[in-house]
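**Student:** Sequence first, then the predicted structure, then my questions.
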Amino acid sequence: MATVQLFVPILDLGGTFVFAISGAVAAVNRRLDIFGILVLSFVTGNFGGIARDVLIGAVPPAALSEIRYLLVSVIAGLITFFWYSGVDRLRSPVLLFDAAGLAFFAVAGAQKAIEFGLSPVMAALLGMLTGIGGGVTRDVLLAEIPHVLRSDLYAVAALAGASIVVVGDMLGISYEVSALIGGAL
Amino acid sequence: MATVQLFVPILDLGGTFVFAISGAVAAVNRRLDIFGILVLSFVTGNFGGIARDVLIGAVPPAALSEIRYLLVSVIAGLITFFWYSGVDRLRSPVLLFDAAGLAFFAVAGAQKAIEFGLSPVMAALLGMLTGIGGGVTRDVLLAEIPHVLRSDLYAVAALAGASIVVVGDMLGISYEVSALIGGAL
Amino acid sequence: MATVQLFVPILDLGGTFVFAISGAVAAVNRRLDIFGILVLSFVTGNFGGIARDVLIGAVPPAALSEIRYLLVSVIAGLITFFWYSGVDRLRSPVLLFDAAGLAFFAVAGAQKAIEFGLSPVMAALLGMLTGIGGGVTRDVLLAEIPHVLRSDLYAVAALAGASIVVVGDMLGISYEVSALIGGAL
């Protein structure tokens, strides 16, 4: 259990960071100023998890009660703001970071939902919601139709990642192994 | 009470189905792919109820803890996807299904809010929220101004339906009778 | 404590009123009808507080369990609807009311978050969320990129107001004094 309690936050923070980068890049592209960039960093990085926590009744959400999520989001926003050319040099960075954040989050979201006693199917769905929630909110705030609704790939990846964690849990496989497999997909 | 516990889910599932159809039709019209269609089916069918449950503290929401809401939404999405010409032949199906879903949901939402001890006025408003929440979320995800804000008719119908249930409750009329009257409006 | 319990609602109601005016003005400008105007009044006036209450677990939110928030919102919507020329004569009324509502709400939001035991940094952020949440939701419903993401000024003002309340709390200054200073900024 102690390992899990270490492991979930690491996945969460990794996902938060890459999603926050994705949000900051989108904000820069829409010419928002530094405050808008930081807000989109935080929202994109944390809203999937916040939505999950509100839905399972884990309030206040971890993203609000623990300062590290805020710190990671602000750092990602500042990196993008001051070093945009570097971040941009990565090919289509929004999509790249979206996919990575999705995998981290889907796995972490499914694990937390299982811990709160949701059924396996719903845990997988909540994992998917955790994965796509931040990006959907980012796009809604930018008055765009969410990317994830247009491109199957990411959502299916998130659902697959979350499902593997859930199946692993049912088979009694340790969280670490199934999370690695789920995240790798 | 046993009857109520049967009755509310039936209204909820009926409303979920027609709203999910409405969401799926809107998604097809915006040329989303199958995943986007299923997401919009689920969101349109369930987000009103999820918002209501989160606001009254009934977490995890019924739409997430009970698998049937997901099943009904997915079936509605698949029917629309594979049989769109049939669904489309109904005149302006989005509007039609919106109105039907609204009536079901407003009634079910007001009843649940009363059971959770909200005041009559607020129960009627939460019934209205349950009725319009799914459609509003659908339109927000499609980056459109929600239909319901432009056309009084549906919101007023939802509010009327919910109000009748609330008044019925205050007068001691059984849920079933007032729900039928409320839904019929 | 009795004073605080009087004071927070007054700030909340003042913020609700000016925000509701702002929402109603935006709705009139987008040619929504009377129902759309009332919905935008209520949402703009109350959604920041509702989001805060849901996130800290204070459900049902005050805006739903106490009728006065609804009354204030409806009155603001009706004033705007029937006396739009008067409201409009104030220069750029949406921005003016946004700033005033922000200050009220940021202070009230931070105080409530402190009472619910959140850490100082997060209480300041929740105060900011309370301040900007209604306006963001208003803009999302109108399918626009939220104003607050484009103009630093308001968000920084909200954060500053909320921060002063939090710092005052840590220093043991009474709520009233720090709220006045925070709100004045």
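**Tutor:** Nice, thanks for sending it over.

**Student:** How far away from the center of its chain is stretch A:113-133?
**Tutor:** 13 Å (C-alpha atoms, centre = their mean, to the nearest Å).

**Student:** Please list the residues of chain A that sit near chain C.
**Tutor:** Within chain A, the residues that sit near chain C (C-beta under 8 Å from any C-beta of the partner chain) are A:27, A:30, A:32-36, A:39-40, A:50, A:54, A:59-61, A:64-65, A:67, A:70, A:140-143. All C-beta atoms are positioned from the backbone trio N, CA, C, and that covers glycine.

**Student:** Try it again at 6 Å.
**Tutor:** A:32, A:33, A:35, A:36, A:39, A:59, A:60, A:64, A:67, A:142, A:143 (C-beta under 6 Å from any C-beta of the partner chain).

**Student:** does the last one sit in a helix or strand, and which one?
**Tutor:** Okay, so that is residue A:143. For residue A:143, there is no enclosing helix or strand under DSSP states H and E.

**Student:** Per-residue pLDDT of it, please?
**Tutor:** Per-residue pLDDT puts residue A:143 at 89.

**Student:** which ones are touching it?
**Tutor:** Residues in contact with residue A:143, defined by C-beta atoms under 6 Å, 6 or more residues apart in numbering or on different chains, are B:143, C:143, C:144, C:145.

**Student:** among the helices and strands of chain A, which one scores worst on average pLDDT?
**Tutor:** Within chain A, no helix or strand scores below helix A:175-184, which has a mean of 48 by mean pLDDT, DSSP states H and E.

**Student:** How about residue A:15: what's its closest non-neighbour residue?
**Tutor:** residue A:104 (3.2 Å; C-beta to C-beta, 6 or more residues apart in numbering or on different chains).

**Student:** got it, and residue A:39?
**Tutor:** residue C:149 (5.9 Å).

**Student:** shaky segments in chain A?
**Tutor:** A:1-9, A:11, A:88-100, A:152-155, A:158, A:168-185 (pLDDT under 70).

**Student:** Go through the contacts of residue A:143 and name the one nearest residue B:129.
**Tutor:** residue C:143 (19.9 Å; C-beta to C-beta).

**Student:** Show me what from chain A comes close to chain B.
**Tutor:** By C-beta under 6 Å from any C-beta, the residues of chain A that approach chain B are A:54, A:55, A:56, A:57, A:122, A:143, A:144, A:145, A:149, A:152, A:155.

**Student:** Work out for me the element residue A:21 sits within.
**Tutor:** helix A:2-29.

**Student:** Let me know the next secondary structure element after that helix.
**Tutor:** Heading C-terminal from helix A:2-29 (DSSP H and E), you reach helix A:34-56.

**Student:** what sits up against that following helix?
**Tutor:** Applying C-beta under 6 Å, 6+ apart, the contact partners of helix A:34-56 are A:16, A:19-20, A:22-24, A:27, A:61, A:63, A:69, A:73, A:76-77, A:81, A:105, A:109, A:116, A:126, A:130, A:133-134, A:137-138, B:54, B:60, C:149, C:152, C:155.

**Student:** could I get that helix in PDB with only the CA atoms?
**Tutor:** What follows is helix A:34-56, C-alpha atoms only, in PDB (Å, rounded to 0.1, in the frame of the first residue of the first chain):
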ATOM      1  CA  ILE A  34       0.800  35.200 -18.800                       C
ATOM      2  CA  PHE A  35      -2.200  34.900 -16.500                       C
ATOM      3  CA  GLY A  36      -4.200  33.100 -19.100                       C
ATOM      4  CA  ILE A  37      -1.300  30.800 -19.800                       C
ATOM      5  CA  LEU A  38      -1.000  29.900 -16.100                       C
ATOM      6  CA  VAL A  39      -4.700  29.300 -15.800                       C
ATOM      7  CA  LEU A  40      -4.800  27.100 -18.800                       C
ATOM      8  CA  SER A  41      -1.700  25.200 -17.500                       C
ATOM      9  CA  PHE A  42      -3.400  24.600 -14.200                       C
ATOM     10  CA  VAL A  43      -6.800  23.700 -15.700                       C
ATOM     11  CA  THR A  44      -5.400  21.400 -18.400                       C
ATOM     12  CA  GLY A  45      -3.100  19.800 -15.900                       C
ATOM     13  CA  ASN A  46      -5.600  19.300 -13.100                       C
ATOM     14  CA  PHE A  47      -9.200  19.400 -14.200                       C
ATOM     15  CA  GLY A  48      -9.400  15.800 -15.200                       C
ATOM     16  CA  GLY A  49      -8.300  14.800 -11.700                       C
ATOM     17  CA  ILE A  50     -10.500  17.400 -10.100                       C
ATOM     18  CA  ALA A  51     -13.600  16.200 -12.000                       C
ATOM     19  CA  ARG A  52     -12.800  12.600 -10.900                       C
ATOM     20  CA  ASP A  53     -12.300  13.600  -7.300                       C
ATOM     21  CA  VAL A  54     -15.600  15.500  -7.200                       C
ATOM     22  CA  LEU A  55     -17.500  12.700  -8.800                       C
ATOM     23  CA  ILE A  56     -16.200  10.000  -6.400                       C
END
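
**Student:** For it, buried residues please.
**Tutor:** Buried residues in helix A:34-56, counted by 16 or more other C-beta atoms under 10 Å in any protein chain shown: A:35-56.

**Student:** Same check on stretch A:19-34?
**Tutor:** Buried-residue list, stretch A:19-34, by 16+ other C-beta under 10 Å: A:19, A:20, A:21, A:22, A:23, A:24, A:25, A:26, A:27, A:28, A:30, A:32.
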